[in-house]
Structure formats: C-alpha cells, structure tokens
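1. no FASTA, just this:
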Ligand SMILES: CC(C)(COP(=O)(O)OP(=O)(O)OC[C@H]1O[C@@H](n2cnc3c(N)ncnc32)[C@H](O)[C@@H]1OP(=O)(O)O)[C@@H](O)C(=O)NCCC(=O)NCCS
C-alpha cells in the first residue's frame, strides 16, 4: 500500500467516522498514505447502518474506508490513552470529525496533540467550526446543505427547497479538508512545525455554492436574465435546471419519456445557428425571438419548448449523437445503472469490483484524482480491529506481554455506554 505513491511515508491517525471525515482519509489512502483508522471497540456507527447483508460491514462503511488499516482503542481508558499518545508521536497527521467538544473531553485537544508531537498536522471537520454562535451544534449532510445555502438554491422556482444528491456537505468538506492537510504538510517541509486545519461543513457548502453568491449580489442591479424565472426577490432563487452560467442550458425531455430520459443541452452563443438550422431550419435561424443571446434569454422558455418538441422523436443518446456532430455541449442524464454499465466509467476505473471476507464481491467508486506517477490501487476496507496486532507490534513496537497487559487493563474494551 505504501511502496512508491504520492503520499508514501505519510502516516495518518484517522479518528474520523460516518462520511465527511472518512471520505477525506480514504482519498489520502488512495494517494498512498498509511491510514490507521482508530475506532471505538463499538466501531464506526456506519459499519452497522443501512446493512444489506446481515453481520457484514455495510456498503456505507466499506465504500468510505478502503486503503486503511483498522484498530480498536478505548480512548476513555487510561491505557488506551497511553497507546493513542504513542500513535500521535509516530504519525504525521491526525484527522477527526467528532461532535463539538468530544476531543477536549477525551483530553486530546489540538494544544495537547501539538505538545505531544509538534510536527503533527491535526485536521478537524465540524458542522460549523470551533467558534461562533453555531459552534456547539452537531451536523449531518442535509443540515450543512440547509445552512450553507444549497437547499434554498436547489429545486424548482415554485417548489420546496431540495437537497442535492451530491454529498457536498460531507464528501465536499472531506475534499476541502484534504487540500488543507496537503498544504499544511508542504508548509511543514519549510517550518518543521505542524498546524491545525479546520473545515466547517457550512463554510464548505457556501464555497461550493460560490456562483449563487455572484447572483445574490447581481440582484441588487435587477433581475437575472439567464434565469428562466419570471419573478425575483432580494435573494438568489431556485432555478430548476437553468444553467447558472453565462450560457443558457436546460434538461430537455427525450423519447420515450422515462424519469431519466433527458439530455442536458448548453446553448452556447456561437452554436445557436447550427442548432437552430438542425432543429427548425432557416425559419428558426431567422426567428427574431432567438437571433441573439439577449432575446434568447428573454424567450428561453419558448426555445426550450421547441427543443423539447424536436427531442420527442429521439432518445437521449440519439439526440446526443445529433448534437455532438454540430459541436453542441450536451450530456444525457445518467442514472446509477447507466453509470455502472458505462464503458467510459469502466475505462476510467471509476467503478471497481472488490472482494470482502464478510460480504463477497462488491463495488467501490474509484479515485477521481489521477496522478501519472502515483497509480491508485484500491484495497478493500478493513474489518473491525483487523490490524490491532500489526499496529501494536510493528508500528508501536509493543511486545506480547505489554499488549496482554493493555488488554487486561481494558484498553480495547467497550467504553461505558453514554
Ligand atoms: C456526526 C455527528 C453528528 C455524530 O454525533 P454522535 O454520534 O453523537 O458522535 P460524537 O462525535 O458527538 O461523539 C462520539 C462519542 O464517542 C466517543 N468515542 C469516539 N471514539 C472513541 C474511542 N475510540 N473510544 C472511546 N470513546 C470514543 C467520544 O468520546 C464521544 O463520546 P462523548 O460524547 O461521551 O464525549 C458528530 O460527530 C458531528 O457533529 N461531527 C462533526 C460534523 C460532521 O462531521 N458531520 C458529518 C458526519 S458525516
């Protein structure tokens, strides 16, 4: 796992759980870091959540915890704390996404961790960061999407707020965290000192909604012409499938009219004539409602209707082929089944078959970051405590007697229930 990869030699003490943190440490593992996941003897709650096979680690867990070694440790036990302290001494990064105050209660605040190992980078995800009126609140994906502005800007103009399927609060924050960790590791090269990296899910969702803030400020100067909405207030509205960029775009329904029989089409300014010629001949090319982007914006709902009428004779793939020929940016709405069987996805190694001792064959998504000199090899997620002995012995150098002593003292036993 750690031969010659981009992050070979970087050891991560991974205390993350659920989705936001594990997605980040899994990416670090894909890139070659030695990720040691430390779990309470109860295990990451997701091991048992949404189980599809009795007694096997759930896909929720396996899909977020590949390329990691796993050990259990009772951090509420004095001997467990002793082992943890030694892990902090040997690691380059410690990652966590516990609820507010949890690490302080365990006695491992950033100040304490930094004292133990001044070179270590400590990376935390919190719902709302460590300070401010919301700091004490826990958060999950849709809470972060709600409070970071995503729900209010997703959905149809006259419908309720809608959560996006992309996990921008959890996985999105995890990707941000990885960027912060890598930057801190590079700075450490110069200073020899670790630092604290903190990402709040609310901040990361706001960052991912950045263009909605562009629109929020533009509203001060009047309606947003690229939106198909007819009315505007003083906040960025929901805008259905409108493109949200400088070019007009929308999802066009195709034959035979199933739930995902749509092609997303972007009508770039310079492709309009070719598109109009194809769809409606000279009459459409010369139609005054659409002759330039300004009038096309005003009359976009008519334009989408004309394209929809044309599309009703074609499947999304047929229409894609027609539009690709005239260089129009477009893409079919792909559902998970389409993607699971897609040749391009296979070629890009984005849906990989793996084996697992408890669940047999299963699939994980691949690594979307492709490095020419650091090929990714995906290794199945570990079972609970699978690498306890290996880490206690090989990494920390404890002998059998010491390990037995820790065990007798309760270092690996379940902490008392809350
Ligand atoms: C996700 C979240 C809501 C879950 O809340 P939760 O299930 O109550 O879990 P918490 O993280 O608050 O608490 C974990 C508890 O397990 C304990 N624990 C964790 N690892 C342990 C270990 N190895 N040994 C002993 N105890 C352990 C902690 O000490 C804590 O106990 P305490 O409350 O008595 O101090 C919360 O962790 C959170 O808000 N995280 C930050 C935001 C985030 O990442 N959310 C997205 C998740 S996808």
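-> Looks like it came in fine. Everything quoted here is computed from the prediction, not taken from an experiment.
2. which parts of the protein sit against the ligand?
-> With Cβ under 6 Å from any ligand atom as the criterion, the chain meets the ligand at residues 18-21, 38-40, 73-76, 97-99, 102, 105-106, 125-127, 138-140, 170, 415, 418. The way it works is simple: take the backbone N, C-alpha and C, and place the C-beta from them, glycine included.
3. Just the ones in helices from these, please.
-> 20-21, 102, 105-106 (DSSP state H).
4. quick one, helices of the stretch 301-418 of the chain?
-> 316-325, 336-340, 343-347, 388-390, 400-408 (DSSP state H, counting those that start in this stretch).
5. Just put those in JSON lines and tack on distance to residue 27.
-> What follows is the helices of the stretch 301-418 of the chain, written out as JSON lines (distance: least, Cβ to Cβ, whole Å):
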{"stretch": "helix 316-325", "distance to residue 27": "31"}
{"stretch": "helix 336-340", "distance to residue 27": "20"}
{"stretch": "helix 343-347", "distance to residue 27": "19"}
{"stretch": "helix 388-390", "distance to residue 27": "23"}
{"stretch": "helix 400-408", "distance to residue 27": "31"}
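6. pLDDT at the residue nearest the centre of the chain, what is it?
-> The centroid of the chain falls nearest to residue 171 when counting by Cα atoms, centre = their mean (2.3 Å). Per-residue pLDDT puts residue 171 at 98.
7. ok, for it, nearest residue in space, not its chain neighbours?
-> residue 23 (4.4 Å; Cβ to Cβ, 6 or more residues apart in numbering).
8. Need the residues that contact the strand or helix carrying the one you found.
-> Taking DSSP states H and E as the definition, one finds residue 23 inside helix 20-30. With contacts defined as Cβ atoms under 8 Å, 6 or more residues apart in numbering, helix 20-30 is touched by 1, 7, 10, 12, 14-16, 33, 35, 37, 44, 46, 64-68, 93, 95-97, 123, 125, 167, 169-171, 173-175, 177-178, 181, 201, 367, 369, 376, 378-379.
9. follow-up on the earlier one: pull out the buried residues from the residues of the chain next to the ligand.
-> Burial by neighbour count, judged by 16 or more other Cβ atoms under 10 Å, picks out 18-21, 38-40, 73-76, 97-98, 106, 125-127, 139, 170 from the residues of the chain next to the ligand.
10. Can you spell out which helices and strands pack onto the least confident helix or strand in the chain by mean pLDDT?
-> Ranked by mean pLDDT, DSSP states H and E, the weakest helix or strand in the chain is helix 293-298, scoring a mean of 93. Judged by 3 or more Cβ pairs under 8 Å, 6 or more residues apart in numbering; DSSP states H and E, the packing partners of helix 293-298 are strand 248-253.
11. For the stretch 101-250 of the chain, just list every one of the strands.
-> With DSSP state E, counting those that start in this stretch as the criterion, the stretch 101-250 of the chain has strands at 121-126, 196-200, 248-253.
12. Contacts for stretch 53-66, please.
-> 19, 22-23, 26, 29-30, 37, 44, 46-52, 354, 356, 358-359, 362, 364-365, 378-384.
13. List the buried residues for the least confident helix or strand of the chain?
-> Neighbour-count burial for helix 293-298 [16+ other Cβ under 10 Å]: 293, 296-297.
14. if we look at it, which residues are touching it?
-> 225-226, 248, 267, 269, 272, 288-290, 303.
15. what's the pLDDT at whatever residue of the chain ends up closest to the ligand?
-> Distances from the chain to the ligand, computed as Cβ to the nearest ligand atom, single out residue 99 as the nearest residue at 2.4 Å. Per-residue pLDDT puts residue 99 at 96.
16. now swap in the one 5 residues further on and tell me
-> According to the model's per-residue confidence, residue 104 sits at a pLDDT of 96.
17. tally of neighbours for it?
-> 13 (other Cβ atoms under 10 Å).
18. Same question for residue 285.
-> Applying other Cβ under 10 Å, I find that residue 285 has 17 neighbouring residues.
19. Quick one: residues contacting it.
-> Listed by Cβ under 8 Å, 6+ apart, the contact set of residue 285 reads 273, 276-277.
20. Among the residues you listed, name the buried ones.
-> residue 276.
21. quick one: which of the contacts of residue 285 is nearest to residue 258?
-> Residue 258 lies nearest to residue 276 out of those, by Cβ to Cβ, at 27.5 Å.
22. Appreciated, that's everything.
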